[in-house]
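Chemist: sequence? don't have it. structure:
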């Protein structure tokens with residue numbers, strides 16, 4: 001399978017070859033065939049450059065811009081009819097016509113781009129609108145794929161979007177699956193299985209994005225660049241990626257934040273039972289966990305590790321990594 005870079009190179013070479021064929025392999029009017037080859041190659045390179053720059057323009061912005069230009073041309077045509085009434089000289093009429101068209105096209109283009117969020121095409125009794133929510137792109141990172149909860153979230157119907165999986169994320173999963181380390185190999189295989197499960201879900205679409213970035217960039221940097229390019233959000237469980245992306249103005253969908261928001265709220269004074277698992281950081285503390293994974297710190301209970309105890313909530317701490325509940329032994 002040809003990469004995108006090879007396809008572009010092939011196109012430029014074909015343009016140069018066609019130009020050489022046009023010259024017939026001999027000089028025309030004293031112009032060397034190499035000049036034709038150079039001109040054809042340059043034209044192909046310009047087309048490739050335009051294609052690269054055009055990919056940074058969103059489809060929504062492009063469609064609204066084209067609509068604005070069309071509206072400006074129609075409006076300019078209407079105003080030029082007024083010049084006939086004033087019977088202006090032909091040379092002045094041509095200048096005014098050009099000026100009116102230029103102003104109308106400029107106003108139509110700028111107004112179209114400013115109002116692209118409300119852009120729609122209306123035909124009598126029929127209205128076509130862009131389905132923004134269903135067409136939303138979400139860039140998926142490696143951590144959220146391996147985590148696996150993304151499948152459960154999709155099955156609930158809360159997410160209906162196009163999941164974009166980059167080629168470098170697939171390469172990272174493949175490298176993990178081929179690793180000699182048992183734990184990494186299992187993570188890689190799990191991530192690949194999760195992707196197969198996602199492709200079977202009817203509510204979403206999974207696409208592979210072939211965009212290439214500098215090889216020396218870290219995966220997190222590539223994900224942020226891809227999200228900016230596609231004007232999309234990033235789905236992740238990585239706290240560091242979360243912070244880096246937010247600093248650069250990229251919106252994040254953090255699965256851990258969603259889970260923490262859905263955890264039941266416990267108020268000071270509420271009572272519960274749990275098993276103490278290990279020793280806490282502070283003196284004489286023990287730690288247990290609720291069924292949803294919330295950490296519970298129990299004061300003065302180090303000697304009860306391994307037992308199930310009844311505790312009472314004293315306070316709750318909400319940290320960036322999750323919620324921590326502080327309790328004391330009842331009685």
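Modeler: Sure thing, it's come through. Predicted, not measured: the structure shown is a model, and the values here were computed from it.

Chemist: what comes up buried for stretch 174-192?
Modeler: 176, 177, 187, 188, 190, 191, 192 (16 or more other C-beta atoms under 10 Å). The way it works is simple: take the backbone N, C-alpha and C, and place the C-beta from them, glycine included.

Chemist: other residues contacting it?
Modeler: Residues from elsewhere that reach stretch 174-192 (C-beta atoms under 8 Å, 6 or more residues apart in numbering): 142, 145, 146, 148, 173.

Chemist: for the stretch 51-200 of the chain, which segments count as strands?
Modeler: 121-123, 126-128, 137-140, 162-166 (DSSP state E, counting those that start in this stretch).

Chemist: can you map out the helices along the stretch 51-200 of the chain?
Modeler: Applying DSSP state H, counting those that start in this stretch to the stretch 51-200 of the chain gives helices spanning 59-86, 90-114, 142-147, 149-156, 167-177, 182-199.

Chemist: surely residue 5 and residue 212 touch.
Modeler: Yes: using C-beta atoms under 8 Å, residue 5 is in contact with residue 212, at 6.7 Å.

Chemist: mind naming the longest strand for the chain?
Modeler: strand 308-319 (DSSP state E).

Chemist: any idea how far the residue nearest the centre of the chain lies from residue 45?
Modeler: Centroid-nearest residue in the chain: residue 232, 3.0 Å away (criterion: C-alpha atoms, centre = their mean). Between residue 232 and residue 45 the computed distance is 29 Å (C-beta to C-beta, to the nearest Å).

Chemist: which stretches of the stretch 101-250 of the chain have low pLDDT?
Modeler: 113-135 (pLDDT under 70).

Chemist: number of nearby residues for residue 103?
Modeler: 14 (other C-beta atoms under 10 Å).

Chemist: next, the contact list for it, please.
Modeler: residue 76.

Chemist: show me the contacts for the nearest residue to residue 223 once chain neighbours are set aside.
Modeler: Among residues not flanking residue 223 along the chain, residue 141 sits closest, at 5.4 Å (C-beta to C-beta, 6 or more residues apart in numbering). Contacts for residue 141 were tallied using C-beta under 8 Å, 6+ apart; they are 169, 219, 220, 223, 234, 235, 236, 238, 241.

Chemist: wait, a helix at the last one?
Modeler: Yep, that's residue 241 we're talking about. Yes: if the criterion is DSSP: H, G, I helix; E, B strand; the rest coil, then residue 241 is within a helix.

Chemist: excluding chain neighbours, what is closest to it?
Modeler: residue 220 (4.8 Å).

Chemist: list of residues touching the helix or strand harbouring the one you found?
Modeler: Using DSSP states H and E, residue 220 sits within helix 219-230. Outside helix 219-230, the residues that touch it by C-beta under 8 Å, 6+ apart are 55-56, 137, 139, 141-142, 164, 166, 168-169, 172, 209, 211, 213, 217, 233-234, 238, 240-241, 244-245, 248-250.

Chemist: select only the buried ones of the contacts of stretch 174-192 in ChimeraX?
Modeler: To isolate the buried ones among the contacts of stretch 174-192 in ChimeraX, judged by 16+ other C-beta under 10 Å, type:
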select :142,145,146,173
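
Chemist: residue 151 contacts residue 196, correct?
Modeler: No: checked against C-beta under 8 Å, the pair residue 151 and residue 196 is beyond contact range at 10.1 Å.

Chemist: those two - which one has more neighbours?
Modeler: Neighbour tally, residue 151 and residue 196, criterion other C-beta under 10 Å: the higher count belongs to residue 151, 16 against 9.

Chemist: need the contact list for that one.
Modeler: Neighbours of residue 151 in contact, by C-beta under 8 Å, 6+ apart: 194, 197, 198, 201.

Chemist: go again using 7 Å as the cut-off
Modeler: 194, 197, 198 (C-beta atoms under 7 Å, 6 or more residues apart in numbering).

Chemist: how much space between the second one and residue 248?
Modeler: Put plainly, it is residue 197. 31 Å.

Chemist: and for residue 172?
Modeler: From residue 172 to residue 248 the distance is 21 Å (C-beta to C-beta).

Chemist: more neighbours: which of those two?
Modeler: residue 172 (18 against 11).

Chemist: looks like that one contacts residue 142 (just checking).
Modeler: Yes: counting by C-beta atoms under 7 Å, residue 172 does reach residue 142; the two are 5.2 Å apart.

Chemist: can you tell me the element residue 215 falls in?
Modeler: Per DSSP H and E, there is no helix or strand for residue 215.

Chemist: next, count neighbours for it.
Modeler: Using other C-beta under 10 Å: residue 215 sits among 7 other residues.
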